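Enquirer: sequence plus the predicted model coming up.
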Amino acid sequence: MSNKYRRWTLAQYLHSGNVTDVVLVHMQHPDGPVYLWNGMGILDHDGHEWQGLGRLGSVQIGASDIEVKIDDVVFTLSGIDDEYVSYLDQTVKGCKAWVWKAFMGPDYQVRFTELLTDCELDQPSFTAEPNGQMTMKVVANGGFYFLEVQSRAVWDTEEQRNYLISIGLDPDSDTGFDMMSELKNLTLAWEHPG
C-alpha cells in the first residue's frame, strides 16, 4: 500500500472515489493453494497471483442478520472443460477456504480487505451444460470459530472517536455516543395518560 493511503480509514478511501470492490477467494487444494478473484487477468496481491475468473465463478453467502448462525457458502465455477474436471474433482472435503471483500484503486492495487467468511469445504458436485462443458458447485460450512453476529455493523463510541481523529477533529467534540451504554439498562414504563 502506498504511503498516501497508509493511514486512511476504509470510509475515507471509499469517499475518495475511483474505488472498485472485488471478491478474493483462497482455497486449500491437495495440489497446493488456489487463489482466485472475480475480475479478469492476474491480480498481484499479498505475495500471490490471484487468477481472474470473471463471471465464470461466483460465491454465495447466506444473508447476514443479528442471528447467531453458521452459514453455508456455495462456490460455483461454470464453463469447465472436460480436461480440468479430474483436477477439480480431487478430494477437497475438509479443506479450508477464505472469502474477502477487497477494495482496489485505479492502479489495480488492493488497498483494504474485509474477511467475509472462513469455511470448510465439502466434496464438489458437477452438472453437464448443453454445450458439453461442466459446472461445479462446492458447498462449504462456515467455521464454528467464525460464528457471525454482525457486531462489525455496529458503530460504537471507540469507532466514532477513531473516525473523528482520522479526519482531524477533536474526538471529544461529539458526545452523542456517551449515553449509549446506559440505554441497555434503561427501563421504560408506558402508562395510559389520565
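Expert: Okay, I see it.

Enquirer: at which residues are the strands of the protein located?
Expert: For the chain, the strands defined by DSSP state E occupy 20-27, 34-37, 42-45, 48-52, 57-61, 72-80, 96-104, 110-128, 134-142.

Enquirer: what lies in contact with the fourth one?
Expert: Yep, that's strand 48-52 we're talking about. With contact meaning Cβ atoms under 8 Å, 6 or more residues apart in numbering, strand 48-52 is reached by 24, 26, 33-44. Any C-beta I mention is one placed from the backbone N, CA and C, and that applies to glycine too.

Enquirer: likewise for the fifth one?
Expert: Strand 57-61 is contacted from outside by 23, 25, 36, 38, 71, 73-78, 99, 116-117, using Cβ under 8 Å, 6+ apart.

Enquirer: dump those residues to CSV, plus pLDDT.
Expert: Shown next, in CSV, are these (pLDDT from 0 to 100):
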residue, pLDDT
V23, 90
V25, 92
L36, 91
N38, 89
D71, 65
V73, 86
V74, 88
F75, 87
T76, 87
L77, 85
S78, 86
V99, 90
L116, 84
T117, 84
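
Enquirer: the residues you listed: which two are farthest apart?
Expert: In the contacts of strand 57-61, two members sit farther apart than any others by Cβ to Cβ. They are D71 and S78, at 22.2 Å.

Enquirer: what is the nearest of the contacts of strand 48-52 to K137?
Expert: Out of the contacts of strand 48-52, the member with the shortest distance to K137 (by Cβ to Cβ) is L36, at 14.9 Å.

Enquirer: let me see the contact set for that closest one.
Expert: L24, V25, H26, M27, W50, Q51, G52, L53, G57.

Enquirer: please apply the same query to L164.
Expert: By Cβ under 8 Å, 6+ apart, the contact list for L164 reads D170, P171, S173, D174.

Enquirer: dump the residue contacts of the second one.
Expert: With contact set as Cβ under 8 Å, 6+ apart, P171 has these partners: Q160, R161, N162, L164, I165.

Enquirer: which residue packs closest to it, ignoring adjacent ones?
Expert: Nearest non-adjacent residue to P171, counting by Cβ to Cβ, 6 or more residues apart in numbering: R161, 4.1 Å away.

Enquirer: that older thread, export the contacts of strand 57-61 to a markdown table and append columns for distance to V138.
Expert: Formatted as a markdown table, the contacts of strand 57-61 follow (distance: Cβ to Cβ, whole Å):
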| residue | distance to V138 |
| --- | --- |
| V23 | 15 |
| V25 | 11 |
| L36 | 12 |
| N38 | 16 |
| D71 | 14 |
| V73 | 9 |
| V74 | 7 |
| F75 | 5 |
| T76 | 8 |
| L77 | 8 |
| S78 | 13 |
| V99 | 12 |
| L116 | 16 |
| T117 | 13 |
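
Enquirer: closest to Y84 out of these?
Expert: If you rank the contacts of strand 57-61 by distance to Y84 using Cβ to Cβ, L77 comes first, at 9.3 Å.

Enquirer: of all the contacts of L164, which comes closest to F112?
Expert: P171 (22.3 Å).
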